[in-house]
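Below is the sequence, then the predicted model.
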Amino acid sequence: MSEVPAAAKKAFAKVCAQAASTSAGFKLLESGDRVLLALSGGLDSFVMLEVICQLARRTPFKFTVECATFDPGFPEMDCRRIAEYCRERQIIHHRVFMDIPQYLHDSPQERFRRPCVWCSRMRRGKLYGLARELGASKLALGHHADDLMESFFISLVRGQGLTTMGPNVAADCAGSSSTLRIIRPLAEVPEQLVKTAAGCFDFPAVGECPYKEELAASGDRMWAKQTLKSIAKRIPDLHSLMLKSMGKAELQWLLDKRYLEYINNQP
């Protein structure tokens, strides 16, 4: 690999610093944790892996890291390269395979639909199941700040509540007896900073989902991304301001009746 650009080095240092701050503030990583990191092959997940490895070297306590990749079986994707990358980094890697193309072929009702929602649920379930099987205490996902803001915006306008993907949340579907937590170390890191930081590394090209362009053209997430980008032209600090607002819930000014008694009892 050619010499790493100074901008990439600076960006990676910022990502690591922000992830460390997020980890401390939301108690993402703790002594004795067994972290299973979801490594999809995208830049976000690869950068998250390098950040977690950096934190593991710097934190005063010990935790272990393993990786897992959900392989949907699309010919356009070569998940073996992810396993090779982990092997070179001497990190244990688990492959969770599911033949999505075969499923679509065998299921007439799904054959002509975009399987993204269904595939996402299956991926999440498989990864949660593996984490529980391995006895992992944390499952790390590579969502960055833009992902959280887009999810918040979509939930708002779709009537799903004031919610997003939290930095440290319980894995509800992992079973009532499970203590598995879902953590997002890049939750407060802007997407552009993650992309710039990726320039520090020679990540393998894994390929892309064949439904990516269709999803980008008609999916809610791309619509939310473009809408927020448009708003940012009027409010340049939109990203930092939204993150600030998402971290400051003013319950007394909302319409959720469940908090009425709580609010009335406040001094």
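Arrived safely.

my read: Asp71 touches Arg95, true?
Yes - look at Asp71 against Arg95 with Cβ atoms under 8 Å: they come within range, at 5.6 Å. Just so you know, the C-beta spots here come from the backbone N, C-alpha and C atoms, and that holds for glycine as well.

Neighbour count for those two, which is higher?
Asp71 (21 against 14; other Cβ atoms under 10 Å).

Could you name every residue contacting both of Asp71 and Arg95?
Residues touching both Asp71 and Arg95 (Cβ atoms under 8 Å, 6 or more residues apart in numbering) are Cys79.

Tell me where this protein has helices.
Along the chain, the segments classed as helices by DSSP state H run 6-26, 43-58, 80-88, 100-106, 108-111, 116-134, 145-157, 191-197, 212-218, 220-232, 238-246, 260-264.

name the helices or strands packed onto the first one?
Helices and strands touching helix 6-26, as assessed by 3 or more Cβ pairs under 8 Å, 6 or more residues apart in numbering; DSSP states H and E, comprise helix 43-58, helix 191-197.

Lys9: which of those helices is closest?
Closest to Lys9 of the helices and strands packed on helix 6-26 is helix 191-197 (Cβ to Cβ; 8.6 Å).

Distance check, Phe46 against Ile91.
Look at Phe46 and Ile91: by Cβ to Cβ, to the nearest Å, they are 12 Å apart.

neighbour count winner among the two?
More crowded of Phe46 and Ile91, by other Cβ under 10 Å: Phe46, with 22 against 18.

give the contact list for the more buried one.
Contacts of Phe46 (Cβ under 8 Å, 6+ apart): 39, 85, 198, 201, 203.

and if we set it to 7 Å?
Residues near Phe46 by Cβ atoms under 7 Å, 6 or more residues apart in numbering: 198, 201, 203.

Using TSV, lay out those residues together with neighbour count and distance to Cys67.
Putting the contacts of Phe46 into TSV (neighbours: other Cβ atoms under 10 Å; distance: Cβ to Cβ, whole Å) gives the following:
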residue	neighbour count	distance to Cys67
Ala198	20	17
Phe201	17	15
Phe203	19	13
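
sorry, back to before: just put the helices and strands packed on helix 6-26 in TSV and tack on distance to Phe153 and mean pLDDT.
Converted to TSV, those look like this (distance: least, Cβ to Cβ, whole Å; pLDDT from 0 to 100):
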stretch	distance to Phe153	mean pLDDT
helix 43-58	19	97
helix 191-197	14	98
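
what's the closest of those to Ala6?
Within the helices and strands packed on helix 6-26, the stretch nearest Ala6 is helix 191-197; the backing value is 10.9 Å (Cβ to Cβ).

Tell me which other helices or strands that closest one touches.
helix 6-26, helix 43-58 (3 or more Cβ pairs under 7 Å, 6 or more residues apart in numbering; DSSP states H and E).

So which of the ones you listed is the most surrounded?
Highest mean neighbour count of the helices and strands packed on helix 191-197: helix 43-58, a mean of 19 (counted as mean count of other Cβ atoms under 10 Å).

In the stretch 101-250 of the chain, where is pLDDT below threshold?
108-114, 173-178 (pLDDT under 70).

where's the residue nearest the centre of the chain relative to Leu36, distance?
What sits nearest the mean C-alpha location of the chain, by Cα atoms, centre = their mean, is His143, with 2.5 Å. Remark: distance between His143 and Leu36 (Cβ to Cβ) = 16 Å.

thinking again about what came up before, need the helices and strands packed on helix 191-197 in TSV (columns: distance to Lys126).
Output for the helices and strands packed on helix 191-197, formatted as TSV (distance: least, Cβ to Cβ, whole Å):
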stretch	distance to Lys126
helix 6-26	25
helix 43-58	15
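
what separates the spatially closest residue to Arg158 that is not a sequence neighbour from Lys257, distance-wise?
Closest residue to Arg158 apart from its sequence neighbours, by Cβ to Cβ, 6 or more residues apart in numbering: Asp220 at 7.6 Å. Look at Asp220 and Lys257: by Cβ to Cβ, they are 28 Å apart.

Same check on Val96?
From Val96 over to Lys257 (counting by Cβ to Cβ), the distance is 42 Å.

Of these two, give the one with the bigger neighbour count.
Val96 (18 against 7).

Do I have it right that the more buried one meets Phe70?
Yes - under the criterion of Cβ atoms under 7 Å, Val96 makes contact with Phe70 at 4.9 Å.
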